[in-house]
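S.K.: Sequence and computational prediction follow.
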Amino acid sequence: MVQLIGALDDLFQEVADPLGSAGPFESISAMDDGRWAYEVRYGWNAPTVKGALLCLLLLGLAFAPGSPGWAAAVLGIVGGMSFSAISLLAFSRRVALRVGPEGVTLGGTPFGIKTERMSWPEIVSIDLWTEQPRRMVKTSHVGVRHRKGSAPPLRLSSSPGLRQIDEYLAAQVPAEFVEAFRGSVMSSRGMALWRVDRIRLEATVRAFAPEVHLFDRLD
C-alpha cells in the first residue's frame, strides 16, 4: 500500500505542475487598469483525483477477503466519508483562494470553515509553507497575516517577555518590519485538494500591494 501511495504521488506530481499554465480550476482575470486578479477553485484537479483514488483504495481494502469485520467496517466508513467529502468539494467549484484589487479571500467549505475576506490595508504578509510529513502525508498551506479582528498588542511595560523579544528584534530586524507585524493574526488554509501557482500569486500581490510581504517556504 505504501508503494502504491508513493506511485500515485509521483504520477500526479508529474501531471500537475504548480508552476505551469493555468489549469481548468485556476483563473486570471484582467482588471480595467491592466492588472490581473488570481483565483483558484476546488474541482477535479490532480490533488483531488489523487485523494479520491486513495479513498477508493480504502473502500477496496474493506471488501478484501479475510479482512476482520471491525477493520472492514472502519476502512469502509473512513473511505466512504472521505470520498463523499472530496467529491462534494470538487463539484461545488467553491473559491479556495482569490487575490485581487479588493484584497485576499480564503475560501470556506461546507464543513464549517467560513470564508474570510481581508482588504489590502489590513494585510501584513502572505505566507506559503509546507508542514513536515506526518504519516506519509505532506500538506502545504497558505496563510494571510492581518490585523482584522486582532487583539491590541500588550503594553511593553506589562509584558517583560515581549519587551525582551522587542529588544532583540530591534537589534536584528528593521524597525518598520517589526512594527508592521505587531498585533497581527494569521488566517490559513490547507492546500491538500488544490495548488497555488507561486509565480502568478507573487505577480498579483506585487501588482496590487507591493508593500505586502510574501514568504514562500513551499517544498
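M.R.: Here it is on my side, so go on. Treat the numbers as computed from the prediction; the structure is a model and nothing was measured.
S.K.: Okay, now stretch 98-110: how far is its last residue from its first?
M.R.: Between the opening and closing residues of stretch 98-110 we find a distance of 18 Å, counting by Cα to Cα, to the nearest Å.
S.K.: Kindly report the same for stretch 105-117.
M.R.: Length of stretch 105-117, first residue to last, Cα to Cα: 4 Å.
S.K.: how about that stretch: buried residues?
M.R.: Buried residues in stretch 105-117, counting neighbours by 16 or more other Cβ atoms under 10 Å, are found at T105, L106, G107, T109, E116. C-beta coordinates here come from the backbone N, C-alpha and C atoms, glycine included.
S.K.: Out of those residues, give me the two with the largest separation.
M.R.: For the buried residues of stretch 105-117, with distances taken as Cβ to Cβ, the pair at the greatest spread is T105 and T109 (13.4 Å).
S.K.: Which residue ranges of the protein form strands?
M.R.: For the chain, the strands defined by DSSP state E occupy 26-30, 36-41, 95-100, 103-106, 116-118, 123-130, 140-146, 185-190, 213-217.
S.K.: G66: which of these is closest?
M.R.: For the strands of the chain, distance to G66 was read as Cβ to Cβ. The smallest value, 35.6 Å, belongs to strand 185-190.
S.K.: Rounded mean pLDDT for the closest one, please.
M.R.: What strand 185-190 shows for mean pLDDT is 92.
S.K.: going forward can the numbers begin at 27, since that is how I track them
M.R.: Sure, I'll start numbering at 27, so the last one becomes strand 211-216.
S.K.: pLDDT wise, what is the closest residue to R61 other than its chain neighbours at?
M.R.: Beyond its immediate neighbours in the sequence, the residue positioned closest to R61 (Cβ to Cβ, 6 or more residues apart in numbering) is A233, lying 4.4 Å away. Reading off the per-residue confidence, A233 sits at a pLDDT of 93.
S.K.: what about the longest helix in this protein?
M.R.: When the chain is scanned for its longest helix (criterion: DSSP state H), the result is helix 95-118.
S.K.: Which residues does it contact?
M.R.: The contact list for helix 95-118, computed with Cβ atoms under 8 Å, 6 or more residues apart in numbering, reads 68-70, 74, 77-78, 81-85, 87-90, 93, 135-137, 219.
S.K.: returning to what we had before: any idea which of the buried residues of stretch 131-143 is least confident?
M.R.: For the buried residues of stretch 131-143, the model is least confident at T135; its pLDDT is 87.
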